[in-house]
Every structure is written in C-alpha cells, then in structure tokens.
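1. Please work out how this folds:
(one chain, ligands or ions: 1)
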Amino acid sequence: MSIAILTSGGDCAGMNPAIKKFVDYCFDRGAQPYLIYDGLEGLIDGTIKKAKHSDVAGIIHEGGTRLRSSRSKRFFDYEYRKRAYENLQSLGIDKLVILGGDGSFRALKQFYDDFGVSFVGIPSTIDNDIFGTDYCLGVDTALNMIRWATDAVRDTSASFKRGCVIETMGRNCGYLALVSAVTCGAEVCVIPELEYDLQSLCVKLRKQLDEGRKYIVAVVTEGTKKTDALVKWLEDEVGIETRATILGHIQRGGNPTVYDRLMATEFVIHAVDRLIQQKSNDGLVIVYADAKFKFISIDYVNSRKFEIKEELLSLAAKMVK
Ligand code: F6P
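-> Got it, this is the predicted structure:
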C-alpha cells in the first residue's frame, strides 16, 4: 500500500514532527510512504518522492514544513485536479494524508468527489478555526510565541507607563487573541466573537491609571481591523501613550512545543491506521474533541463554522467592559 502526505495552506509548527512520524510509522506498518512537495501545487506538478527515513531525519524540532506549502488556485480547476490524479495513479498512490486548514480540506473533498481518492485530513492551522475539533496542530506553539512576544512588549510598556496593542493573526477567528489575552493578563481583548464596551472600559482603566497602573495591554485579532482605532482610543480617551505591535508571521514559526509534537504523533498514527484498515474509500478528518480523537466526515467539517466555546469566551468578561 502506498500513502502520500502533503502540507497545504498556512504552515504551522507541528507539521515537521507529523511528517517524520508519518514516514516512520508507514514503514512500521508495512506501507510505502510518499512525500508531496509544495502542497496542492506539487500534487499538480508531480513533485512527489518515494520517502526514505533519511528524508525526515532530524526535523522533529523544526518549525514550518520541510515539504513546503502553497495556496493553490489551479486546484480549483478540474483539468489541474485531473493532472494531479494522474500523477498519483502513475505512482500507485491511492491514499493521502493532508495537513492543512478548512480551505485545503474543501479542495481535497472536491478531489475525492472527482476521483474517489481516500484521504484523512489533520487539522493544522494556528487559527484553530476548524469546525469539529477543539485543537488544531500548531496552535500551541503559536500561542507560546505570542506569550513570549507579549511578555517582552509588556516589559518595555511598563518601563514607560505606556499602553500596547498587540495584534494577533487568526483571520476572523478570535481564538488566538482570546487565549493570549487571558494567559498574558491583558486588560482589553477585542475579537469578533465578543461585544465590547469602550466607554465602561475607559472609566475602569482611567481609575486604575490614577491608582498607579503602569501599563495597559490590549490584544486584538487582525480580522477586526481595530488596531489603529484602539491605539487612538487608549491615547485620546484613556489617556496613556500607546504603541501597536503587529506580531505577524513570527506567530507561524518557532520550534514546535512538546504538546504540538505529541499531538502530531497521535494524529498521524490514527490517520495512517485508518487508511490502512479502511474497506472502502472515504474523505475523513481526524479531530480532537472533548479530550478524544475521532474521525468525522469531511462533509460534516465543512458544514458549519467553528465557534469558540462559551466557557472560554467568558474568561475575557473583564476585558470587554
Ligand atoms: O491561516 C493562517 C494565517 O497565518 C492567518 O492567521 C493569516 O491571516 C494568514 O495565514 C496569513 O497568510 P499569508 O502567510 O499568506 O500572508
């Protein structure tokens, strides 16, 4: 049996440990692993290699993806998907493991509908915004990068009695910003999922400044586009000199944390076992929900929008009013 792996969309820490485990575990299970480079673009162009142990030696600690990634526009086109299918056929590959986000899963679902190539998707995105799973590979490392950066910015802010607005990635999902705000002790959290009341926050923060507060940390998701407005509000209304820090792609890099490495290992073992055991073709996603691994259909994953749990949202109650 031949199984190929690819990484697609935004890279994240944890992809390399997953790729390494995939190769090692396929050999353990008597399957031939293949590596597809450059994501879905590579699937179209046929940059596919029969894997050897040496291809993945010494990568467990590296961020990013050794297989490289892409956001393929060509894959929307049937002709290119057909070319991709022919590439797999010529190598005798009929099963795929794909690490990516919801956009990549939708692309693979289309591929499955066209040609019936079985796949297991492993949710991998720092945005942590895939319906059906509580955790996506890479989010723990991204949160730790944000924690490190926010702690550092707080040091300098406190030295100058300044405010700082920290903008996180996450597109329109507030998960990264919310968890960062809670774990970094922010005073303000602005995400699409929570209503906020700047007037009451202003009264509260002014009082705290009068009582000796030395800094204010505000964490905001990029998708709200409120970073500049928050700086202005802190300076003009709250009355504290403020700087903005847009964390950007630093959040996507860095050595994978222990948790992301462990989860990568477990996701891959479940995915490979399933592909080896399955009796008929299927398009599935392995998720981690309510502290359990389980498989859900790609249609179910694509059917709904991810929502942050209420219990988590409630932790930011004091940062929005
Ligand atoms: O989806 C992951 C992500 O890092 C988002 O948080 C961010 O908005 C986007 O990708 C950035 O994409 P690119 O690397 O293409 O600029």
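2. And the strands in this structure?
-> With DSSP state E as the criterion, the chain has strands at 2-7, 32-36, 48-50, 95-100, 118-123, 163-168, 188-190, 216-221, 242-246, 283-289, 292-297.
3. Which pLDDT value belongs to the residue in the stretch 151-300 of the chain positioned nearest to the ligand?
-> The minimum distance from the stretch 151-300 of the chain to the ligand, using CB to the nearest ligand atom, falls at Met169 (3.2 Å). C-beta coordinates here come from the backbone N, C-alpha and C atoms, glycine included. The score at Met169 is 98. That number is its pLDDT.
4. Within range of the ligand, give me the residues from the stretch 101-250 of the chain.
-> Residues of the stretch 101-250 of the chain lying near the ligand by CB under 6 Å from any ligand atom: 101, 125-127, 169-171, 222.
5. follow-up on the earlier one: which one of the strands of the chain lies closest to Gly64?
-> Nearest to Gly64, of all the strands of the chain, is strand 2-7, at 9.1 Å by CB to CB.
6. Residues in contact with the closest one: which ones?
-> 15, 18-19, 22, 26, 31-37, 39-40, 42-43, 48, 65, 67-69, 88, 91-100, 124, 272, 275-276 (CB atoms under 8 Å, 6 or more residues apart in numbering).
7. The strands of the chain into TSV, with extra columns for mean neighbour count?
-> TSV is the format used below for the strands of the chain (neighbours: other CB atoms under 10 Å):
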stretch	mean neighbour count
strand 2-7	26
strand 32-36	23
strand 48-50	16
strand 95-100	27
strand 118-123	26
strand 163-168	26
strand 188-190	27
strand 216-221	27
strand 242-246	16
strand 283-289	21
strand 292-297	14
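8. got TSV for those strands, with distance to Phe75 too?
-> Below are these laid out as TSV (distance: least, CB to CB, whole Å):
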stretch	distance to Phe75
strand 2-7	11
strand 32-36	12
strand 48-50	15
strand 95-100	12
strand 118-123	14
strand 163-168	28
strand 188-190	35
strand 216-221	28
strand 242-246	30
strand 283-289	15
strand 292-297	21
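9. Arg83: which of these is closest?
-> strand 48-50 (12.3 Å).
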